[in-house]
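>>> Everything below, folded, please.
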Amino acid sequence: MISQYPTHEQIQRLLVGPSDRPVVMLNLLRFTDRATAPDEGLTGEEAYQRYADDMTGFVASRGGRVIWSGRVDSQVIGEGADGFHMAALVEYPSRKAFVEIAMSPEVAK
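Sure thing, here's the model as predicted:
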């Protein structure tokens with residue numbers, strides 16, 4: 001099962017790595033047909049776009065950036081990733097910065 005948030009153990013493993021250089025996260029996204037509260041009335045993709053617009057500025061204000069995002073149209077090699085609609089690469093200035101951003105109250109909203 002794919003999770004939306006990292007576990008405590010995953011965060012701890014991430015923080016063990018080099019702390020003095022940027023880290024890039026690969027985000028694989030699947031959208032629901034209809035969003036739930038507080039985005040009722042929108043599609044899952046529309047709700048995500050609203051979130052992404054807010055997060056892009058938030059991440060940038062903390063030294064990060066979206067390197068690339070785009071649609072997934074097919075999986076050519078391997079198995080298990082079927083059904084992703086979009087992928088994004090987001091660079092954070094450090095592992096610690098990623099954790100601080102991911103765990104911030106602004107992201108939880």
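
>>> What segments of the protein are strands?
23-29, 65-71, 86-92 (DSSP state E).

>>> what's near enough to touch the residue nearest in space to the middle of the chain?
Centrality entry for the chain: nearest residue to the mean C-alpha point is Asn27, 4.6 Å, by C-alpha atoms, centre = their mean. By C-beta atoms under 8 Å, 6 or more residues apart in numbering, Asn27 lies in contact with Ala87, Ala88, Leu89, Val90. For glycine as for every other residue, the C-beta is placed from the backbone atoms N, C-alpha and C.

>>> Look up how far Val107 lies from the last one.
By that I understand Val90. For Val90, the distance to Val107 equals 12 Å [C-beta to C-beta, to the nearest Å].

>>> can I assume Gly63 is in contact with Tyr92?
Yes. Under the criterion of C-beta atoms under 8 Å, Gly63 makes contact with Tyr92 at 7.4 Å.

>>> thinking again about what came up before, looking at the strands of the chain, which one has the lowest mean pLDDT?
Lowest mean pLDDT within those: strand 23-29, a mean of 93.

>>> which regions of the protein sit below the pLDDT cut-off?
By pLDDT under 70, the weakly predicted segments of the chain are 1-3, 80-82, 108-109.

>>> before we move on, back to that, want to throw the strands of the chain into CSV with distance to Arg13?
Shown next, in CSV, are the strands of the chain (distance: least, C-beta to C-beta, whole Å):
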stretch, distance to Arg13
strand 23-29, 12
strand 65-71, 23
strand 86-92, 16
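
>>> Relative to Asp54, which of those is closest?
Closest of those to Asp54 is strand 65-71, at 12.5 Å (criterion: C-beta to C-beta).

>>> tell me the contacts of the closest residue to Gly41 other than its chain neighbours?
Closest residue to Gly41 in three dimensions, ignoring its sequence neighbours and counting by C-beta to C-beta, 6 or more residues apart in numbering: Ala35, at 7.5 Å. Going by C-beta under 8 Å, 6+ apart, Ala35 touches Gly41, Leu42, Thr43, Gly44, Glu46, Ala47.

>>> What are the contacting residues of stretch 74-85?
Contacts of stretch 74-85 (C-beta under 8 Å, 6+ apart): Leu28, Leu29, Arg30, Phe31, Glu45, Arg71, Val72.
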